[in-house]
Every structure is written in structure tokens, then in C-alpha cells.
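Student: kindly generate the corresponding structure for this input.
(2 chains)
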Amino acid sequence: MSTESRAHLEVGYELPAKAFTVQRSDLVRYAGASGDFNVIHWNERIATDVGLPNVIAHGMLTMALAGQVVTDWLGDPGALLEFGVRFTRPVVVPDDGVGATIEVTAKVTRIDEAGTAQVTVTATCEGSTVLGKAQALIRLA
Amino acid sequence: MALNPEFVGRSYAPDGSYVVGREKIREFATAIDDASPVFHDVEAARSMGYADLVAPPTFAAVLSLKASGRVIRDPQLGLDYSRVVHGEQRFVYSRPIVAGDELNVTTTIETIRTMAGNDMITTRGDVTTLDGEPVVTTYSLLISRGPDEEAS
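Tutor: Residues are numbered from 1 along each chain as shown, chains lettered A, B, ... in the order given. The predicted structure follows:
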């Protein structure tokens, strides 16, 4: 996105949406890359022992996928000033060869006089939102 | 098990710096399924004015997790890590992390509370260069689910 097009941005503008498929192998890969080896992200026995329906995705992986919709559109990751989410529902990743699909949409929800704007991100899995209060503050120019 | 409230306000100085490598950035970007050239291609990053590969925004969690690991695994704190789920995460950026950065993280325990049988702990990670230039601040809420809590 060019700086010029950002200058004409309006509240309600929808960013290009994306969908991601997450399988067990993706969780193992993310565990290795991030250093988060919490067993609930790869061990079904322990995940169900502690009361989860199954292995769940790292919240930070879901957040990263959600953020990609914003940074893809921004082009320059340096235009992202703040990014925050609540993990409201776990993304359950069954070992069924299909995995989970996370759909991400985002729209501009506020434009500030200071030359910044707020983007609100929605991430859903099987029809339920998995992130709450997912908001990015971006620099417009 | 209730968390030890005496940990609130404790701050942990950096336990060695973190040197950000190109291959680690590429590995992380691949793991989050992000093929954006600025995370993979040095020339693409330089053409955007960066000194080297840029790390994806949530890469900061790799540093804060590493730094907070020794804090949240302290047996005196009383957190059962297998019962821990991530409740909230927020990043406030001064600038993106780039390959070649040597960074320090200072971890502070901001709050500890119990709600509906769940223990909740918030930590802040101040990520700076060795010279003290602020790069990013991370805020994390971890929830230790009580034994009777059904997963929602």
C-alpha cells in the first residue's frame, strides 16, 4: 500500500482477507521456530489430561497469522506501531490430516488526526471468533 | 495452586543478550507462513530502508518468552506450565527488529491475580539495544487454568 493511498483511507475500509490452514506439523514447526514447547501444542494425551478438547495452536501463531493481513497490506512492517489481541477461544488442531482453518479479516475502525489509524482484526475458526479486541495501530504517512 | 503474590513488581535484568540472525528470522517467517520478501530477502529489506532482514512483528515474543521463561518457571512462583494458556498479548513498537540487532530484555511481573479459580499473571518485556535504545515492549497475560475449569 502506498503512502498516498493511505492518506485517502476511510473508516470501514476492509483490508484483503486471508485464510490459513494449520496442521499439527505447523505447530511443531512453530514450536521449534519460537522456542515455545508447551506440551499442549503437540501432545494430545497431556492436552486432554489438562481439560482441553485436543491439541491447541499456539496463541502466538494465531496472532502472527492475524497480523499478516495487516503487514501484507501495509507493505512496510515498520508502519505497525502497536498490535494486541486477546485469545478468547483456543484453535483446536486435530490430528486428522485436515487441521484447522483460520479465516482473518480486518478493517479500519478509527483514523486519528496524528496520522495514525486503528485496524480491527477478526479471526475465526469453524465459525467462532478466536481473538478478541484484536487491534493494530498503524502509521499512515 | 495460588501464585505467590510476592512476585508482583519484581523486575529481572537481562540474562545475556539476544543476537538476531538472518536464518532465525527466515525460519520464524516460514513457521508463520509469511513469504513477504522483507522477512526473507536482504535486498528487498534494504530497498525499504532497513539495514538487513526485518523480523515479523510477533518475533518479539521469541525474545520475551526466552527472557520470561526463567521467571515463570521459578518454582517459588508456583505456576504449573502445562496448565498455562496465553490470555492476551500486546506489542508496542519503537521500530522493527532487524537481523544483526543485539538486544536485551528486562522482564517485569506487573500483576498477579486469581479470577474464577484461574491464576493470572501479566508480564512486561522491555526490549532494547545494548545502548538502551527502546525497540519494542511486550505485554503478556498468562492464565493458569484451575483444575475444575472446563476448556471453553
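Student: report the distance from stretch B:125-140 to the chain centre.
Tutor: Centroid displacement of stretch B:125-140 relative to its chain, using Cα atoms, centre = their mean, to the nearest Å, is 10 Å.
Student: how about the helices in chain B?
Tutor: Assigned by DSSP state H, the helices in chain B fall at B:22-31, B:42-47, B:60-72.
Student: quick check: buried residues in the last one?
Tutor: Right, helix B:60-72. Judged by neighbour count (16 or more other Cβ atoms under 10 Å in any protein chain shown), helix B:60-72 contains these buried residues: B:Ala60, B:Ala61, B:Val62, B:Leu63, B:Ser64, B:Leu65, B:Lys66, B:Ala67, B:Ser68, B:Val71, B:Ile72. In short, each C-beta sits where N, CA and C put it, glycine included.
Student: ok, the residue nearest to B:Ala29 when sequence neighbours are not counted - contacts?
Tutor: Of all residues not flanking B:Ala29 in the chain, B:Phe39 sits nearest, at 3.8 Å (Cβ to Cβ, 6 or more residues apart in numbering or on different chains). In this structure, B:Phe39 makes contact with A:Pro77, B:Ile25, B:Arg26, B:Ala29, B:Ala45, B:Leu53, B:Val54, B:Ala55, B:Pro56, judged by Cβ atoms under 8 Å, 6 or more residues apart in numbering or on different chains.
Student: now a PyMOL select for only the buried ones of those residues.
Tutor: To isolate the buried subset of the contacts of B:Phe39 in PyMOL, counting by 16+ other Cβ under 10 Å, use the following:
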select buried, (chain A and resi 77) or (chain B and resi 25+26+29+45+53+54+55+56)
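Student: by mean pLDDT, flag the weakest helix or strand of chain B.
Tutor: Lowest on mean pLDDT, DSSP states H and E among the helices and strands of chain B sits helix B:60-72, with a mean of 88.
Student: now do it: which elements does it pack against?
Tutor: Packing contacts for helix B:60-72, counted by 3 or more Cβ pairs under 8 Å, 6 or more residues apart in numbering or on different chains; DSSP states H and E, involve helix A:24-34, strand B:11-12, strand B:84-93, strand B:102-115, strand B:118-129, strand B:134-144.
Student: got the CA coordinates for it in CSV?
Tutor: Taking Å, rounded to 0.1, in the frame of the first residue of the first chain, the C-alpha atoms of helix B:60-72 are listed here in CSV:
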residue,chain,number,x,y,z
ALA,B,60,9.5,-10.1,19.7
ALA,B,61,7.6,-12.8,21.5
VAL,B,62,10.5,-15.2,20.9
LEU,B,63,12.8,-12.9,22.9
SER,B,64,10.2,-12.1,25.6
LEU,B,65,9.4,-15.8,26.0
LYS,B,66,13.0,-16.7,26.4
ALA,B,67,13.5,-13.9,28.9
SER,B,68,10.4,-14.6,30.9
GLY,B,69,10.9,-18.4,30.9
ARG,B,70,13.2,-18.4,33.9
VAL,B,71,10.7,-16.1,35.7
ILE,B,72,7.5,-18.1,35.1
